[in-house]
Structures are given as C-alpha cells and as structure tokens.
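Asker: Provide a 3D model corresponding to the input given below.
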Amino acid sequence: MKKLPIQIFLWTLLLIGCKSGQEEYLAVYEEGEELLVGSLGVNSRSSNAFGFEIPGLNFQDQAKFAVGNSLFNQSWVSSPASTTARDGLGPTFNARACAACHFKDGRGKPILIDENTTGFLMRLSQEGTNEYGGPLGLENYGAQIHDFGNRNVPFEAKIAVRYDTIMGVYADGTTYTLYKPIYGFEKENFGEIKDVMTSPRVAQQTIGMGFISALPDSEILKFADEHDEDGDGISGRPNYVWNFDTNEKDLGKYGWKANAPTLKTQIASAFQGDMGLTNTVFPEEDCPDAQVDCNQAPNGGAPEVTSKQLERVLFYQASLSVPNRRNVKEEKVLKGKSLFNTLNCIGCHAIDQVTGEFPINPLVEGIKIRPYSDFLLHDMGHDLADHRPDYEANGREWRTQPLWGIGLIPTVNKHTYFLHDGRARNIEEAILWHGGEAEKSKGAFKKLPKKQREQLLAFINSL
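Answerer: The predicted structure is shown next:
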C-alpha cells in the first residue's frame, strides 16, 4: 500500500473540522500546550494537586517551603496563650488559618442557605475614598465584616443570603436556571448596616502566585486596550493601587479587583484583614473606635506575625506550582479549544506571558506561562456588578480570573462554585453570568448546539 507523506499523515490526525454557526475551525494540538508553567509544572490529578512546590528547590528552600506550608495551615489562637508563636488571632476575624479559606490551596465556598460556608467574606464601604485612594470603610465597621470574635469580644455582624431564580434558554431550546444571591446583614452589633456599598468575595486558589508576581508590568499592560482601539468589544485596563510595603502606587495584580500590587501585600493584608493578625506591612489592629472591647483586647505582640513568618509564607506561596493540563489530545478537548478561541474567550483569558526577575525565588524567572488571564479589569456587565469602586476599578469591573487548575477544583475542594461570590454552581453557569465586554462571547456560546457547548466545557475542564 502506498504510504502518505508524513506531513499529510500528521495533519490528517491533528486537524479536526467542525462548524460553529457558518464558520469552520481547526483543532490542533500544539506541542507542550499542557505545560502551563513550562518545566515547572507538576503532573497531578489528586486532591493535593495544588499543594506541590515547583521542581528544583534546593534543600534549604525545601525547608523554607515546608515552614511556610506549616504556617499557612496552622490555626492561630487568641492572646494571651502559651503558644506565643501563633497567638494574636483577632480580636475580630473571619478565619483562624489561611487554609480555612484556601483549603488545600484551593477555592472557598459561597454562603449557602442550608450549610456552612468556608472562605467567604463581605467587603463594604461608603461614598468617597480613603487617604490612599482606596475604598472608604464604615465608621463603626471598617472595610470588611468580621463575623467572628474572640472571647468577650463581639463579632461585628453576620451575613444573610437569599436567592432569586433566573430562567434562560439556549438557541437549541435547552433551558437553564441561574440563582442570583441577594445579601443582607443580621445581628449587627455596632449599628444598622444600610445604604452602603458591598462586595461579596470567595477565596481564590493560590497556585501559580509566584509566576504572577514575577510578571513585569509590561507583560500585563501589553493586553490593555482601554479605549477598544481594535474594535473587538474588549477594553481591559489596569488598576493602580497603593503599595503599603513601599508607600507608592503600583500596578494591581491580585484579588478580584486587582487591588493588591504584590504577593507580599496580598498575604499581609489577608493576615490583618481576615485573621486580625498584625504584621510589618499592616501593623495596626483593625478595630474601629466604636468597638471598645476590640480595642482593649490583649494582642499577641507587635507585630503578631513576625517578619520571618511573613517571609516564609511568602516563599511558600511564591513557590507553589501549577498542575499540567490533562486530556489535551482528546478530540472534544481540541475542538473545545478552537471554540474558546473562535468565541474570543481568549480576548480576556490570555496566554503566553513571560516572567521576569524574581528575587524571592529565581527559579520562576524567564518562564513562559499560560495562566489564561490578562490580569486586567473588564466590565462584566450589570448582573455581576457589585457597584463598589476599588481604587480605579469601578463597580462593574473585575480582574480576569486565571483559569489554570479550574478543572481540578472538584477534586481538590469537592465543589464547583465559581465567580467572585461563588454564585455559579459550575463552569457553564459561570459563562452564562458573563456580560458587558463578554456579552458577545456569551451570546455566541448560547447559540452553540449542546455537543459544542460540551466540547468547550471539556477544554476548560482540561486547564
């Protein structure tokens, strides 16, 4: 039998023709596309997939990673305590440990009517900005509701939720249901909370944080198109925020609104804001004047998280790896990848950035990464708006969430709740909540037949 030339044979295997409306597209496996952080990824599909260090750490760095891991997972206690190395919790707080919100370095859960939540909090503010240009907290509550307090210290308030039902239909007649959370407050201990701006937040997974931190500003700003000069309907823009470590404005990279400029400030802010633990970046207790018991409570030292402890947690977070993709050569995954590009999801969930200098861990320098995020702010429409500005981010804008690891959330965290407050019960619902700059892409997704919708979801689940 006559053999086909090798080039024709390979293209026959790799090219998969499909229809998306009237457009033909090709699905091709690209060599190495499964390596989201190059050679520093890990092959894991286990419940511990988010907890591995990048390959190549020397013995001393492995020890630093282990200490940081221990500090990340340990539960802090209130003062005074015999365990002085981990006292100082509160006086008011949302969690006792970093891992309480980021279980196994993964995602938190939303408030649900019939069960407890982990890794959920509520930001709040009033009109105006503080001296740093950020949100202006409430006089009696600050900028975040703390729903727990130490002994003899009252918590601030509890968050309540109910859900409205939204019905929808795909072009092929398939129906779907979305649940919109409506938030409120109860048991307010320092005055009624009303007529304020609120923003619910679910804790994000922490994989790949070092690679994000190592990105030069230019690698993020290259995607910016604030005035949509290319006419694609997408106009990502940066958020410039106050860096409390260096006392200057910097490009925001972390958080749902890109309101933290560095990994160090993100971690330090979580220690103070979420657990009530002072540190070298945020040395003051978060106790508004009206909260007398909070202000009079004993502390765990000054600061409660030492510089060395903060640096160890920073090294741990900066050295977490990213799981390599799975099922990358499956036909439905390849077809889904082509749909992802054709629908211009890639317009916000971008790839191919290169890390720069990173003294915290030089191993992550010069790595080509595929985070599936441009780390810019985008208008996501009315339905997802929190109507709460955060530095230069307005009430309709959110930072693009990296998609790496998204398909392993069910394995690691035993749930599939997505978006900033976990309202989407799965990836499909997350897409359906998109609006604003993503309205066109969502509309195209809704016009796809069921088989092609499943292909797109298969690709996202492979990330």
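Asker: and the helices in the stretch 101-250 of the chain?
Answerer: Assigned helices in the stretch 101-250 of the chain, in chain order: 209-213, 217-221 (criterion: DSSP state H, counting those that start in this stretch).
Asker: now the longest helix anywhere in the chain: buried residues?
Answerer: Within the chain, and with DSSP state H defining each element, the longest helix by residue count is helix 59-73. Neighbour-count burial for helix 59-73, counted by 16 or more other Cβ atoms under 10 Å, picks out 61, 64-65, 67-69, 71-73. Placement of C-beta: from N, CA and C, glycine included.
Asker: tabulate the residues you listed (JSON lines), appending pLDDT.
Answerer: Below are those laid out as JSON lines (pLDDT from 0 to 100):
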{"residue": "61", "pLDDT": "98"}
{"residue": "64", "pLDDT": "98"}
{"residue": "65", "pLDDT": "98"}
{"residue": "67", "pLDDT": "98"}
{"residue": "68", "pLDDT": "98"}
{"residue": "69", "pLDDT": "98"}
{"residue": "71", "pLDDT": "98"}
{"residue": "72", "pLDDT": "98"}
{"residue": "73", "pLDDT": "97"}
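Asker: farthest pair in those residues?
Answerer: Taking Cβ to Cβ as the measure, the buried residues of helix 59-73 span a maximum distance of 18.6 Å, between 61 and 73.
Asker: in terms of contact, does residue 450 touch residue 176 like I think?
Answerer: No. Between residue 450 and residue 176 no contact is recorded; they are 11.3 Å apart, counting by Cβ atoms under 8 Å.
Asker: what do the two both touch?
Answerer: Counting by Cβ atoms under 8 Å, 6 or more residues apart in numbering, the residues touching both residue 450 and residue 176 are residue 170.
Asker: so what touches stretch 176-188?
Answerer: Contact partners of stretch 176-188, identified using Cβ under 8 Å, 6+ apart, comprise 110-111, 122, 145, 155-170, 193, 198, 200, 383, 421, 423-425, 428-429, 432-433.
Asker: dump it to CSV, keeping only the CA atoms.
Answerer: This file holds the C-alpha atoms of stretch 176-188, laid out as CSV (Å, rounded to 0.1, in the frame of the first residue of the first chain):
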residue,chain,number,x,y,z
TYR,A,176,-31.2,26.6,32.2
THR,A,177,-31.6,28.2,35.7
LEU,A,178,-29.3,30.6,37.5
TYR,A,179,-29.6,31.7,41.1
LYS,A,180,-28.8,35.3,42.0
PRO,A,181,-27.7,35.9,45.6
ILE,A,182,-29.3,38.8,47.5
TYR,A,183,-27.2,39.7,50.5
GLY,A,184,-28.2,41.3,53.8
PHE,A,185,-26.9,41.7,57.3
GLU,A,186,-28.2,40.5,60.7
LYS,A,187,-27.1,40.6,64.3
GLU,A,188,-25.3,43.9,63.6
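Asker: flag every buried residue along it.
Answerer: Neighbour count says stretch 176-188 has 178, 181, 185, 188 buried, by 16+ other Cβ under 10 Å.
Asker: tell me how far residue 37 lies from residue 48.
Answerer: If you measure residue 37 against residue 48 using Cβ to Cβ, to the nearest Å, the figure is 17 Å.
Asker: what does residue 323 give?
Answerer: As judged by Cβ to Cβ, residue 323 and residue 48 stand 10 Å apart.
Asker: what do you get for residue 164?
Answerer: Residue 164 sits 37 Å away from residue 48, going by Cβ to Cβ.
Asker: who has more neighbours, these two?
Answerer: Set side by side, residue 164 and residue 48 show unequal neighbour counts under other Cβ atoms under 10 Å, the larger going to residue 48 at 12 against 9.
Asker: how about that one, phi and psi?
Answerer: The main-chain torsion angles of residue 48 are listed as degrees, to the nearest 10 and equal phi -100, psi 20.
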